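Student: Based on what follows, work out the 3D shape:
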Amino acid sequence: MISPLKARNLHRDLGYFYIGLIISFAFSGILMNHRDYWHPEKYTVQTKAISVNIPKDTDITEKYAEELGKKLGIDDKIRRHKVKDDELKISFEKNDVEIDLKTGKGEIVTFIKTPIISQTMKLHKNTSNWWIYYSDIFGLSLITIAITGAIMIKVGKNTFGKRGWKLALAGLIVPLLILIFV
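Tutor: So this is what the prediction gives:
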């Protein structure tokens, strides 16, 4: 069994080592929780009104959408397109295009990445092998921080055995209830 002093030292040192990553993950996690309400990775730079002539019998394929984007001066990689309720929507990496198919009127919205915020968002999306291994080590370190924090106080009314286990159980039950009922 690890001594309270060794637990305290390990807890402190891992906490110091990972403080930057903990704050970055927490910050970008909060931003990702609210990504349906705003685009934390990009912001609008320019909105430009356009008018195009799309013949009624045109089959709007991905290739057609990509070529239309090039005619409109967009040289981004196309992500997707869709036609719904007589509206054509084309999403590119840095631009979104919306065109009313009845009138031909629409707009191009151009985005750039939000400095710092877009980089922290990458922490949650990165799938490279080195990052996955580093994140696994980080996860194990967070478990170690939690365990050492629980066992380093051995005397008094606020020990894990007297009070801490109840809070830990409550902290576990809340996300389980959310997973089950929400």
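
Student: Going by C-alpha atoms from here, please, whenever you check contacts or count neighbours.
Tutor: OK.

Student: tell me the SS of the residue nearest the centre of the chain?
Tutor: Geometric centre of the chain, nearest residue: M32, 4.0 Å, by Cα atoms, centre = their mean. Following DSSP: H, G, I helix; E, B strand; the rest coil, we place M32 in the helix state.

Student: Equivalent analysis for K122, please.
Tutor: helix.

Student: what number of residues lie near it?
Tutor: 13 (other Cα atoms under 10 Å).

Student: And L142, by the same measure?
Tutor: Neighbours around L142, by other Cα under 10 Å: 17.

Student: Determine the set of other helices and strands touching the lowest-mean-pLDDT helix or strand in the chain.
Tutor: For the chain, using mean pLDDT, DSSP states H and E, the weakest element among its helices and strands is helix 117-125, scoring a mean of 75. If you count contacts as 3 or more Cα pairs under 8 Å, 6 or more residues apart in numbering; DSSP states H and E, helix 117-125 packs onto helix 4-33.

Student: So which elements touch the helix it packs on?
Tutor: helix 117-125, helix 129-151.

Student: Can you lay out those helices as TSV showing distance to K166?
Tutor: Below are those laid out as TSV (distance: least, Cα to Cα, whole Å):
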stretch	distance to K166
helix 117-125	31
helix 129-151	12
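
Student: Please compute how far stretch 13-25 lies from its chain's middle.
Tutor: With Cα atoms, centre = their mean, to the nearest Å as the basis, stretch 13-25 stands 19 Å off its chain's centre.
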